[in-house]
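1. This is the structure alone, sequence omitted:
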């Protein structure tokens, strides 16, 4: 059933008529499916990692909403190295004094590689766009989030705790003639309740259009959770089917 649902989304993205290639005055919605990864078969066994994701977003004059879900799975001949799930919803509300805007988010994470059994985050904050051009924008945001976590620490099999975090985000986006898209985002989230408890999340990717709404994609991410003393570096490549309507 899960693969049938994914196939339905892909068919819609590729063949639905009348859709555009970017947001404009009459185009307010975006849907995308990504499939990235790599495989290596040797005499010692199979090593693989793949990352599937779905995204949906809206953009109006003063309100923007984004949602995404992803599943990262990795395996080597010795063990399963990654079984990581993430679901994110966030919104931006443009203020009466641009380039300031307000943001809110809700995030769920479960990550074998980072020692997170499950983690819920929600919060609010404010952001400032230092550059906001048609093909390039750069912004910094800050806010307070509430977190409920169930993690595996070096000393315990399971630790359940709650905390407030400061969430600092730096975001960069660049587009070249709708052919090349590059983006990068970095989160630094130190706990306000516990010393030496912080989370670093960073992602960078480059997309190159190869046919209408189909892009080649390469992505690099680095993540660290100090509470579990775990970190990972993930590089994947594959395709993204993206449609605006």
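-> Cool, got the structure. Just so it is clear, the structure is predicted and the values come from calculations on it, not from any experiment.
2. Tell me where the chain is predicted with low confidence.
-> The chain contains residues with pLDDT under 70 at 1-27.
3. The spatially most central residue of it sits in which helix or strand?
-> Geometric centre of the chain, nearest residue: residue 68, 6.9 Å, by CA atoms, centre = their mean. According to DSSP states H and E, residue 68 maps onto strand 63-75.
4. How far does that strand sit from its chain's centre?
-> Put simply, strand 63-75 sits 5 Å off its chain's centre (CA atoms, centre = their mean, to the nearest Å).
5. Chain neighbours aside, what residue packs nearest to the residue nearest to the centre of the chain?
-> With sequence-adjacent residues excluded and distances taken as CB to CB, 6 or more residues apart in numbering, residue 68 is closest to residue 55, at 4.4 Å. For every residue, glycine as well, the C-beta is placed using N, CA and C.
6. And for residue 122?
-> What sits nearest to residue 122 in space, not counting adjacent residues and going by CB to CB, 6+ apart, is residue 106, at 4.7 Å.
7. how would you label that neighbour: helix, strand or coil?
-> The local conformation at residue 106, judged by DSSP: H, G, I helix; E, B strand; the rest coil, is strand.
8. Hmm, it is touching residue 89, no?
-> Yes. Under the criterion of CB atoms under 8 Å, residue 106 makes contact with residue 89 at 4.9 Å.
9. Pretty sure residue 245 sits against residue 29.
-> Yes. Counting by CB under 8 Å, residue 245 touches residue 29, with 5.2 Å between them.
10. Need phi/psi at the residue of the chain positioned farthest from its centre.
-> In terms of distance from the mean C-alpha position of the chain, residue 43 ranks first, at 34.7 Å (CA atoms, centre = their mean). Dihedral angles of residue 43 (phi, psi; degrees, to the nearest 10) stand at phi -60, psi -20.
11. what's the spacing between it and residue 136?
-> As judged by CB to CB, to the nearest Å, residue 43 and residue 136 stand 48 Å apart.
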